[in-house]
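**Student:** what follows is a protein structure lacking sequence information:
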């Protein structure tokens, strides 16, 4: 989820006050203008999904890659505990559950596709989509908070944590159900 780096940049450029106003689309776009020439972003990730109802934590790890040019594509590969790859390309969502297979299966669930499009926007730092779908606020010098505008979103909020260089190092997604997903990023690679 190399988008964490981009997401981190987003958080660093958000409003200056933790309780301050949300950023407008033009403010967000200005802050992210230096990312317009990004071609590729990749990173390793480890994530923990805390399922409140079950009182359990599900741990996974893997690698993601975002390609912005020539065409936008994201591939999120979970390599442990078992293999699953999710690909979003040309607004089409596909999944592959085996490293032995070259075939991708199309996913037609509109809610899942919409959530993956949001993830794609975060990863590719598409300020127009982010500003359209979220209110963005700077909560601390290294932390941004995204609050979905749509009541249909499964997320209550998303916190993005950045390092001193502005790269996303951690993402915390809190669902309306109070389940949460904590994602740590490492070995980030950016190609411009």
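**Tutor:** Now that the structure is in, tell me what you want to look at. Here the structure is a predicted model, which is why all the values come from computation and not from measurement.

**Student:** run a quick neighbour tally on residue 156.
**Tutor:** Neighbour count of residue 156, defined by other Cβ atoms under 10 Å: 15. Where C-beta positions appear, they are placed from N, C-alpha and C, glycine not excepted.

**Student:** residue 49 versus residue 59, what's the distance?
**Tutor:** 8 Å (Cβ to Cβ, to the nearest Å).

**Student:** kindly report the same for residue 88.
**Tutor:** From residue 88 across to residue 49, the span is 20 Å (Cβ to Cβ).

**Student:** ok, which stretches of the chain are helices?
**Tutor:** Using DSSP state H, the helices of the chain run over 3-12, 25-32, 110-124, 127-133.

**Student:** tell me which residues of the last one are tucked away?
**Tutor:** With burial defined by 16 or more other Cβ atoms under 10 Å, the residues of helix 127-133 counted as buried are 127, 129, 130, 131, 133.

**Student:** still on that earlier bit, residue 59 and residue 49: who's more crowded?
**Tutor:** residue 49 (16 against 11).

**Student:** low pLDDT regions in this structure?
**Tutor:** Residue ranges of the chain with pLDDT under 70: 1-20, 30-37, 101, 115-125, 165-167.

**Student:** kindly recompute the last result at 90.
**Tutor:** Within the chain, the segments meeting pLDDT under 90 span 1-42, 53, 66-74, 86-134, 136-146, 150-155, 158-169, 171, 188-192.

**Student:** can you pull out the strands in this protein?
**Tutor:** Assigned by DSSP state E, the strands in the chain fall at 40-51, 56-67, 73-80, 84-89, 92-96, 105-107, 134-140, 143-148, 155-162, 168-175, 180-191.

**Student:** how about these in TSV, adding distance to residue 114?
**Tutor:** Below are those laid out as TSV (distance: least, Cβ to Cβ, whole Å):
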stretch	distance to residue 114
strand 40-51	19
strand 56-67	18
strand 73-80	14
strand 84-89	11
strand 92-96	10
strand 105-107	12
strand 134-140	13
strand 143-148	11
strand 155-162	12
strand 168-175	15
strand 180-191	17
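
**Student:** for residue 25, find the nearest of the ones you listed.
**Tutor:** strand 134-140 (9.8 Å; Cβ to Cβ).

**Student:** only the buried residues of the closest one, if you could.
**Tutor:** Judged by neighbour count (16+ other Cβ under 10 Å), strand 134-140 contains these buried residues: 134, 136, 137, 138, 139.
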